[in-house]
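>>> Mind folding the following:
(one chain, ligands or ions: 1)
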Amino acid sequence: MNHLDFRSDTITHPTEEMREAAANAKVGDDVFGDDPTVNELEQIAAEKMGKEAALFVTSGTQGNLVSVLGHTNPGNEVILEADSHIYHYEVGGISAIAGAIPKLIQTEDGNITPEMLENALRPSNIHFPDTSLLCLENTHNRHGGIALSPHSIAEVARAAHDHGLSVHLDGARIFNAAIYHNVNVKEYAKEVDTIQFCLSKGLSAPVGSLVAGTRDFIEKARKIRKRLGGGMRQAGIIAAPGIIALTKMVDRLKEDHDNARKLAEILKGHGYKIIEPQTNILVVYTDGKFENSDEAVDFFKSKGILCVPFGPNRIRFTTHRMISADDIKRVDELLS
Ligand code: TLP
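Numbers count the residues shown, from 1 in each chain. Sure thing, here's the model as predicted:
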C-alpha cells in the first residue's frame with residue numbers, strides 16, 4: 001500500500017535541484033576550512049540569522065549538544081522546558097556528554113515566562129550547581145508545533161541575561177515560527193546567544209543543521225564539533241543542497257501550515273480531539289477512541305496513514321513538502 005506518510009518532516013527527500021547541486025558542488029577539506037560550498041552555506045546562514053558566524057553540523061541533535069557544551073562546564077545546571085526536544089529526544093546527551101544537570105520548567109504552551117525563570121533560579125549557595133544556560137525551543141515540537149512570538153522569546157532571554165545566563169534557542173523549525181508570526185528570523189536570533197536550526201526537516205535538504213552565534217563562540221564550537229567526531233571533509237556535497245534549502249525552500253513552508261489546518265478539520269470531522277495547529281505539526285488525542293497511542297498508530301496505518309505515537313494518549317501528524325493538498329483530501333476518504 002502506498003501510505004500517506006505524516007511521521008515527520010524529516011522524511012522529505014531532496015529535490016532534483018538539490019541532487020544536481022550535490023553532484024556539481026565545489027569541495028575541499030572542511031577541517032582545513034577549504035570547502036568553498038560549506039563556507040558559503042555558513043556565511044548565508046550567519047547572514048540570515050543576523051549573527052557574526054555559523055557552523056555546519058551533522059544534525060539538530062549535534063547542533064544543540066555543541067551549543068550546550070560551548071555554554072557550560074561539567075556540573076552546571078541547564079534550564080529547559082519540561083517537554084523540550086533536548087530533554088526528551090536527544091538521548092540524554094547534555095548529561096552524558098556535557099555533564100550538565102537539567103532543571104525542567106513545566107508550561108502549558110511551551111512558553112517559559114520571566115516569572116517562571118525567576119522561580120527556577122537558585123540562590124547562591126555552596127551546595128548548588130551553577131546555573132549557566134537557558135535553552136528555549138521554537139517551534140515547540142511536543143507542544144504541537146506552537147510558534148512562540150519574538151516578544152515572548154525576548155522577554156525571557158532578557159531575564160536570563162540579567163541573571164548572567166547564556167541563552168540557546170533550539171530553532172529546528174525556526175522558519176516555521178517566523179512564517180506564522182510574519183517576522184524575519186533575525187527577530188528571534190537577535191535575542192539569543194546561539195540558535196540551532198535544521199535544513200533536513202521541512203526545508204527538504206538530506207542532511208544538516210547550523211549553529212549561529214558570535215565569531216568567538218563559533219570558533220569554540222568548531223573545535224567542540226571536531227571532538228564529537230563531526231569534523232567533515234568534502235562536506236560541500238551535503239552543504240550544496242543546504243544552500244538551496246535556505247535560499248529557495250523557506251517560503252513554501254506556508255503550504256505545510258495550510259495543509260496541517262486542513263488535516264485538523266478533517267480529523268475533527270471524524271470525531272478526534274486535537275491541538276489546533278499553528279504550523280506543520282498536528283497533535284491528536286487518542287483517549288475516548290483508543291486504549292493508547294500505539295493502538296491509534298496501528299489503526300491509522302491499517303487505513304494507509306502513517307503517524308507517530310506522541311506520549312501515552314497522543315499521536316502526531318506532520319505535514320511537509322511530500323504531502324500535497326490532494327493527499328490531505330485523501331485522508332477523509334481513507335477514514336470514511
Ligand atoms: N525531531 C524529530 C525527532 O527527533 C522527534 C522529529 O521527527 O520531529 N530539535 C527539535 C525541536 C526537533 O524536532 C528535532 C528533530 C531536533 C532538534 C533534532 O534534529 P535531528 O533529528 O536533526 O537530530
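
>>> so what's residue 319 up against?
Residue 319 makes contact with 6, 9, 256-257, 259-260, 263, 280, 282, 328, according to CB atoms under 8 Å, 6 or more residues apart in numbering. Just so you know, the C-beta spots here come from the backbone N, C-alpha and C atoms, and that holds for glycine as well.

>>> Tell me the residues on the stretch 151-300 of the chain that lie near the ligand, please.
170, 172, 198, 200, 209 (CB under 6 Å from any ligand atom).

>>> Measure how buried the closest residue to the first one other than its chain neighbours is and give me the count.
Spatial nearest neighbour of residue 170, excluding adjacent residues (CB to CB, 6 or more residues apart in numbering): residue 137 at 4.4 Å. By the other CB atoms under 10 Å criterion, the neighbourhood of residue 137 contains 29 residues.

>>> Could you pull up the residues touching residue 137?
Counting by CB under 8 Å, 6+ apart, residue 137 has contacts 81, 84-86, 110, 169-172.

>>> Dump those residues to a markdown table, plus secondary structure.
Shown next, in a markdown table, are the contacts of residue 137 (DSSP: H, G, I helix; E, B strand; the rest coil):
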| residue | secondary structure |
| --- | --- |
| 81 | strand |
| 84 | coil |
| 85 | helix |
| 86 | helix |
| 110 | coil |
| 169 | strand |
| 170 | strand |
| 171 | coil |
| 172 | coil |
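
>>> out of these, who's nearest residue 133?
Nearest to residue 133, judged by CB to CB, of the contacts of residue 137 is residue 86 at 10.4 Å.

>>> State the distance from that closest one to residue 137.
The gap separating residue 86 from residue 137 is 7 Å, by CB to CB, to the nearest Å.

>>> Just give me the residues shared between the contact sets of those two.
The contact sets of residue 86 and residue 137 overlap at residue 170 (CB under 8 Å, 6+ apart).

>>> Report the contact partners of the closest residue to the ligand within the chain.
In the chain, no residue comes nearer to the ligand than residue 60, which is 2.4 Å away by CB to the nearest ligand atom. By CB under 8 Å, 6+ apart, the residues touching residue 60 are 85, 170, 172, 196-198, 200-201, 209.

>>> how about 6 Å then?
Taking CB atoms under 6 Å, 6 or more residues apart in numbering, we find residue 60 in contact with 172, 198, 209.

>>> Looks like the first one contacts residue 199 (just checking).
Translated: residue 172. No: the pair residue 172 and residue 199 fails to qualify as a contact (CB atoms under 6 Å) at a distance of 10.1 Å.

>>> Low-confidence ranges, this protein, go.
Across the chain, residues meeting the criterion (pLDDT under 70) sit at 1.

>>> Tell me where it has helices.
Applying DSSP state H to the chain gives helices spanning 16-24, 36-49, 60-71, 85-88, 93-96, 114-120, 150-162, 174-181, 186-189, 215-227, 236-248, 253-269, 293-302, 325-335.
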